[in-house]
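**Student:** no sequence on hand, only this structure:
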């Protein structure tokens, strides 16, 4: 039971088979909407009131502006002023800019968060201060939960860099252009009421329409919906650290050695400086070999865009633009294609794009000797990050985690992870500055690196080396109280996060 | 009761409000699909068997190839060879090329058709020879019926000019490029099993994806899926008749007189030679005035494409390409946007595009003195045409029907239409070669044509003139047996078509 709802525990990869039918939103009628298609209302407050905002509702927002979001806080300020209580905030991700919401978690406006609890929100959660239990989902898991009716969104508020009064909206035009709006797709399709807010109202039709006005109830014009410069934040900047660049280079060499880098291959480098930097090495190798990649999945950045423009990547299938070069490319280049968690990540679909990737490169806060990995908590037990698309990407044909062996003298390769986010059987390779460990399940990869000269170690050797240098890490002491749960891509509960004892 | 299901009779425009929820298709799991995303099966027969083809199922196809469709007949030939009986064929439209299906209506493979029964299929139906009752829906009504769960599609077969083995598909690339695939959207979203057949298999990703592979179960490669030259057929050729060109010109003059032609206006000219020709007159007027239209809804043809390229139309929002110039433009011009019955026509959405049009110009087989109009039967009682988007377009701000006063000495303006497809209160203007009749409900339009010199008549005057020339038409004699029903855009039954007495 989580927040009063019964949940299914994790059963293993592909073991939980859903039954039942997708969620059916209420049927609308054109007769209930303005004949001229003009859905403008003067204020966000009015739109929320018209949408029936009341106690206990689930309110969704999206994170395309990342740390430059200006809307979520306004929503809950309005709700607080109206005296509305016990809302569930269902963002596609949260950032430092959302720390002011702690006020509304404390004053009872927000009951709990289902999405991600980053930074201060995470510390607040692990201190046991949130009224309800946090629920962490991957991007694909969020789509799955909405599609399957696990989460029923009462009101979705979609911040749009460009929109028309009918509600068609996109992320590529206007002063706050942030890229695509794919994270809000599920919300538009399945929420009971959908509000689009924009600071760039254009005459119908707003083309392209990333969000279709036919799903939208109300449109609000605001002075500013987001700060596009702030989409380059935290996890999306290329690393300058020589240590991390070494990891990136070693990872690329490994990929080359095992035959992943070939004409027509595909890759995704997730958020995180090391992972993003790997694109640069892939580009060099492809150029040298006269090969090209068929597609790369974004988070797109300027390096990926250069590869597209240089013709060494044929398509970028982009889930999220990580810089303004990515935004511009998506606007102008038809081979820079916007995708959504539905196409890329939803495990309860008829396949998804992530599984088609030849290789995915991801980060992790911890890995254990069974190759289980953690991305949400740190070894001190504090919840600090969201899952993003990380879990979904594990279904790629080869999953590689380039990680430092230790951070601030705390081992990253450990006996056991603090929180399991990814089951070890899906994680193929750990690349550290002191060697590469290959999952024993991947005998094919082990064969391919024989006599390669690559520094192949076992995961146990890596763990022991980390402990030799840093000492065996102390176990954190937790209370029994569960403050958050980690969902698996199929909606089952993979792990719990407990209150951290002071 | 129609085909054993209870139905709701028409209640008036906007009077029937749906309750309940949209149809929820079965939830899938990636675990049940190939890990490498390759859904190819060797034959259409194998795909149909894998999809569980059995007696009584509803099988859908789409009509983007119009008279060049090569798939529907193959499906039912396979079904007949397998001994499967009592199928419901649910096409988005039928054409002369589908006449060979009469064999399978006779041999019990097909129980009845829900879609359109054109030409020989219509004559077969009105002769009372179809086992079940035909159900005629508009394009928007088809989306509505699928979305609302009125029609549950067991197997959708989507013929695609280009596709990858994951099932992503489009209509703009490949040797059989036919334009967009919007009519198959509902089928992909809601059908239990979805089969994509293509004659142009490309490596993943097939971009753009008009149909998303995440909805697709099986992919089949065939030698040829359709004859793209045959999309120019019947209702989509520009008229050369001087009489019809006169109607087109008079209609344009009327639009100019009442102020419809202004900077930023929008229009749709439906299928039918006269309606399509009006674009040419609009273009001349806009050029002369130095104005441009904000958007035009297609059915696109070369004339509309020229307007787009000349900059006198900013966007084409296209539901269906009517010639190969339209296909090419949609492929290459980002302002030639593909739409679907969901965005354009679905009455059970939060508005739709059709209602935003300043003017729509449509055809009709008959109009009566109450401005009710007919598009499916002829005055001899034979069912010969589908509804297309015609009903949906009636919600435009001004609906004009340019029609000849009589055809083959049979009056088109009559006391009563043989079949009501559009309620008179939505039809604003009838333009004939002998005068223009304005619906008395549109006092605003009547005011605007005062002293205009336009040949304004009452609808009764037009009817009387027609009867003076042709004589009062004889009433057709029908049996009691209902052979088909005409649905309204909200799923209610607007009218019935009875068996024609020999």
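**Tutor:** Received, thanks. These numbers come from a predicted model, not from an experiment.
**Student:** check the gap between residue A:474 and residue A:467 for me.
**Tutor:** Between residue A:474 and residue A:467 the computed distance is 12 Å (C-beta to C-beta, to the nearest Å). Any C-beta I mention is one placed from the backbone N, CA and C, and that applies to glycine too.
**Student:** same check on residue A:125?
**Tutor:** Separation of residue A:125 from residue A:467 (C-beta to C-beta): 29 Å.
**Student:** okay, the two: which has more neighbours?
**Tutor:** Higher neighbour count among residue A:125 and residue A:467: residue A:125, with 27 against 16, using other C-beta atoms under 10 Å in any protein chain shown.
**Student:** element containing that one?
**Tutor:** helix A:119-126 (DSSP states H and E).
**Student:** could you list every helix and strand in contact with the worst-scoring helix or strand of chain A on mean pLDDT?
**Tutor:** Ranked by mean pLDDT, DSSP states H and E, the weakest helix or strand in chain A is helix A:273-289, scoring a mean of 87. Counting contacts by 3 or more C-beta pairs under 8 Å, 6 or more residues apart in numbering or on different chains; DSSP states H and E, helix A:273-289 packs against helix A:242-257, strand A:266-269, strand A:293-300, helix A:302-309, strand A:359-361, strand A:399-402.
**Student:** for residue A:240, give me the pLDDT.
**Tutor:** At residue A:240, the pLDDT value in this model is 78.
**Student:** typo on my end, residue A:231
**Tutor:** For residue A:231, pLDDT reads 74.
**Student:** ok, now which ones touch it?
**Tutor:** A:64, A:65, A:66, A:67, A:68, A:178, A:179, A:321, A:322, A:323, A:324, A:327 (C-beta atoms under 8 Å, 6 or more residues apart in numbering or on different chains).
**Student:** rebuild those as a markdown table, extending it with distance to chain B and pLDDT.
**Tutor:** Converted to a markdown table, these look like this (distance: C-beta to the nearest C-beta, whole Å; pLDDT from 0 to 100):
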| residue | distance to chain B | pLDDT |
| --- | --- | --- |
| A:64 | 21 | 93 |
| A:65 | 25 | 92 |
| A:66 | 26 | 90 |
| A:67 | 30 | 91 |
| A:68 | 27 | 93 |
| A:178 | 20 | 92 |
| A:179 | 17 | 92 |
| A:321 | 17 | 89 |
| A:322 | 20 | 85 |
| A:323 | 22 | 85 |
| A:324 | 20 | 87 |
| A:327 | 16 | 92 |
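**Student:** what's the neighbour count on whichever residue of the stretch 151-300 of chain A sits closest to chain B?
**Tutor:** Closest contact between the stretch 151-300 of chain A and chain B, by C-beta to the nearest C-beta, is at residue A:214 (4.2 Å). Using other C-beta under 10 Å, residue A:214 is surrounded by 26 other residues.
**Student:** that one contacts residue B:342, doesn't it?
**Tutor:** Yes - Residue A:214 lies in contact with residue B:342 (C-beta atoms under 8 Å); the separation is 6.2 Å.
**Student:** tell me, what's the model's pLDDT at the residue nearest the centre of chain A?
**Tutor:** The centre of chain A sits closest to residue A:388, judged by C-alpha atoms, centre = their mean, with a distance of 2.0 Å. pLDDT, residue A:388: 94.
**Student:** give the residues shared as contacts by residue A:214 and residue B:342.
**Tutor:** residue B:349.
**Student:** host element of residue A:159?
**Tutor:** Residue A:159 is part of strand A:155-160 when elements are defined by DSSP H and E.
**Student:** for that strand, packing partners?
**Tutor:** Counting contacts by 3+ C-beta pairs under 8 Å, 6+ apart, strand A:155-160 is packed against helix A:44-50, strand A:58-61, strand A:169-170, helix A:185-190, strand A:193-198.
**Student:** let's go with 7 Å and repeat that
**Tutor:** Taking 3 or more C-beta pairs under 7 Å, 6 or more residues apart in numbering or on different chains; DSSP states H and E as contact, the helices and strands that strand A:155-160 lies on are strand A:58-61, strand A:169-170, helix A:185-190, strand A:193-198.
**Student:** helices of chain A, start to end?
**Tutor:** A:44-50, A:72-81, A:102-106, A:119-126, A:139-147, A:185-190, A:242-257, A:273-289, A:302-309, A:324-332, A:341-344, A:390-393, A:443-449, A:459-470 (DSSP state H).
**Student:** ends of stretch A:373-388, what's the gap?
**Tutor:** Start-to-end span of stretch A:373-388 (C-alpha to C-alpha, to the nearest Å) is 14 Å.
**Student:** quick one: buried residues of that stretch?
**Tutor:** Of the residues in stretch A:373-388, A:373-379, A:381-388 count as buried by neighbour count, 16 or more other C-beta atoms under 10 Å in any protein chain shown.
**Student:** thinking again about what came up before, quick one: the helices and strands packed on strand A:155-160 as a markdown table, columns for distance to chain B too.
**Tutor:** As requested, those are exported to a markdown table (distance: least, C-beta to the nearest C-beta, whole Å):
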| stretch | distance to chain B |
| --- | --- |
| strand A:58-61 | 17 |
| strand A:169-170 | 12 |
| helix A:185-190 | 9 |
| strand A:193-198 | 8 |
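**Student:** could I get the ones you listed as CSV with mean pLDDT?
**Tutor:** Shown next, in CSV, are the helices and strands packed on strand A:155-160 (pLDDT from 0 to 100):
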stretch, mean pLDDT
strand A:58-61, 98
strand A:169-170, 98
helix A:185-190, 98
strand A:193-198, 98
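**Student:** return the most buried member of these.
**Tutor:** Of the helices and strands packed on strand A:155-160, the one with the most neighbours on average (mean count of other C-beta atoms under 10 Å in any protein chain shown) is strand A:169-170, at a mean of 30.
**Student:** give the contact list for the residue lying closest to residue A:303 once chain neighbours are set aside.
**Tutor:** In this structure, residue A:303 finds its nearest non-sequential neighbour in residue A:279, 4.6 Å apart by C-beta to C-beta, 6 or more residues apart in numbering or on different chains. Counting by C-beta atoms under 7 Å, 6 or more residues apart in numbering or on different chains, residue A:279 touches A:269, A:303, A:304, A:307.
**Student:** again with residue A:179
**Tutor:** A:64, A:171, A:172, A:320, A:321, A:326, A:327, A:330.
**Student:** format the residues you listed as JSON lines; extra columns: neighbour count.
**Tutor:** As requested, those are exported to JSON lines (neighbours: other C-beta atoms under 10 Å in any protein chain shown):
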{"residue": "A:64", "neighbour count": "31"}
{"residue": "A:171", "neighbour count": "33"}
{"residue": "A:172", "neighbour count": "22"}
{"residue": "A:320", "neighbour count": "28"}
{"residue": "A:321", "neighbour count": "34"}
{"residue": "A:326", "neighbour count": "28"}
{"residue": "A:327", "neighbour count": "26"}
{"residue": "A:330", "neighbour count": "27"}
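**Student:** now for those residues: which two are most distant?
**Tutor:** Farthest-apart pair in the contacts of residue A:179 is A:172 and A:320; separation 12.9 Å (C-beta to C-beta).
**Student:** and residue A:315, how close does it get to chain B?
**Tutor:** Separation of residue A:315 from chain B (C-beta to the nearest C-beta, to the nearest Å) stands at 6 Å.
**Student:** same check, this time on residue A:451
**Tutor:** From residue A:451 over to chain B (counting by C-beta to the nearest C-beta), the distance is 29 Å.
**Student:** enumerate every residue touching that residue.
**Tutor:** Residue A:451 touches nothing, counting by C-beta under 7 Å, 6+ apart.
**Student:** pLDDT at it, what is it?
**Tutor:** Looking at residue A:451, its pLDDT stands at 94.
**Student:** tell me, how many residues neighbour residue A:364?
**Tutor:** Residues contacting residue A:364 under the criterion other C-beta under 10 Å number 21.
**Student:** do the one 4 residues further on as well
**Tutor:** Counted by other C-beta under 10 Å, the residues lying close to residue A:368 total 18.
**Student:** flag every residue of the stretch 101-250 of chain A that's near chain B.
**Tutor:** Within the stretch 101-250 of chain A, the positions adjacent to chain B are A:148, A:166, A:203, A:204, A:205, A:207, A:212, A:213, A:214, A:215, A:216, A:217 by C-beta under 7 Å from any C-beta of the partner chain.
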